[in-house]
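J.: quick check, what structure comes out for this input:
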Amino acid sequence: MIIKFMSFALVGAIGTLAHYSILYAVVEFWKVNPIWGSGYGAFAGLIINYILNYSLTFKSRQPHKQTLPKFTLIASLGFCLNIVLMALLTPHFYYLYAQILTTGVVLIWNFLANSLWTFQIGNSKNTSAKKRPLMHQKTVAGFGLRPFNWLNKIKYRAALALSITLLIIGLLITNQFPVMDFLGYTSQQ
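T.: Numbers count the residues shown, from 1 in each chain. Below is the predicted model of the structure:
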């Protein structure tokens, strides 16, 4: 598990480099709000992290249609956590310092969630041995949901509700609800 975490952290460092580069560029050159600049950078980091974690860190053999939605959901929750923490920390810290603190918290969240759910370390689903699932165990829409396992459905709904709630809280805290500000335009010149 420690080696996986180190690999995850190294992959995360590459994604973080892209994240911080985009954050710095859009804030300093295009005068975008640092909170939204962080969001743009986080999206770029998501793409890089998925590709590298799937192929290098977890060496997953699961189909992308099963892992990508899970990874995206975990990353979305991490994204919302990133936005909320940045909204809470930027009034008190320089935005890059706030981002460093935020990155540490989100790193731990992402690793635990991805290793225990998305790529399921130690689970027989992540081995090269292909077992044909029984008819009642086949997944629905590639999301890892079993038709008769209502608990997984509730987990997805709860995670989605939490993600939306955190995003709304972040928007309300920062008063950044206007779409024009999200796109980088400010009404105050």
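J.: could you pull out the helices for the protein?
T.: 2-28, 34-52, 64-89, 95-113, 150-174, 179-182 (DSSP state H).
J.: kindly reformat those as CSV containing distance to residue 58.
T.: The way it works is simple: take the backbone N, C-alpha and C, and place the C-beta from them, glycine included. Listed next are the helices of the chain as CSV, based on distance: least, CB to CB, whole Å:
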stretch, distance to residue 58
helix 2-28, 7
helix 34-52, 10
helix 64-89, 9
helix 95-113, 11
helix 150-174, 20
helix 179-182, 33
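J.: mean pLDDT and mean neighbour count added to those helices, as JSON lines?
T.: Output for the helices of the chain, formatted as JSON lines (pLDDT from 0 to 100; neighbours: other CB atoms under 10 Å):
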{"stretch": "helix 2-28", "mean pLDDT": "89", "mean neighbour count": "17"}
{"stretch": "helix 34-52", "mean pLDDT": "85", "mean neighbour count": "21"}
{"stretch": "helix 64-89", "mean pLDDT": "86", "mean neighbour count": "20"}
{"stretch": "helix 95-113", "mean pLDDT": "90", "mean neighbour count": "17"}
{"stretch": "helix 150-174", "mean pLDDT": "60", "mean neighbour count": "14"}
{"stretch": "helix 179-182", "mean pLDDT": "46", "mean neighbour count": "13"}
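J.: and those: which comes nearest residue 120?
T.: With CB to CB as the criterion, residue 120 lies closest to helix 64-89 of the helices of the chain, at 9.3 Å.
J.: nearest to residue 119, of the helices of the chain?
T.: Closest approach to residue 119 among the helices of the chain is made by helix 64-89 (6.5 Å; CB to CB).
J.: check contacts around the closest residue to residue 21 other than its chain neighbours.
T.: Distances taken as CB to CB, 6 or more residues apart in numbering put residue 41 closest to residue 21, at 7.3 Å, once the chain neighbours are dropped. By CB atoms under 8 Å, 6 or more residues apart in numbering, the residues touching residue 41 are 18, 19, 20, 21, 22, 23, 26.
J.: also residue 86?
T.: Going by CB under 8 Å, 6+ apart, residue 86 touches 34, 35, 38, 95, 98, 99, 102, 170.
J.: reformat those residues as CSV; add distance to residue 13.
T.: Shown next, in CSV, are the contacts of residue 86 (distance: CB to CB, whole Å):
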residue, distance to residue 13
34, 21
35, 22
38, 17
95, 20
98, 19
99, 14
102, 15
170, 25
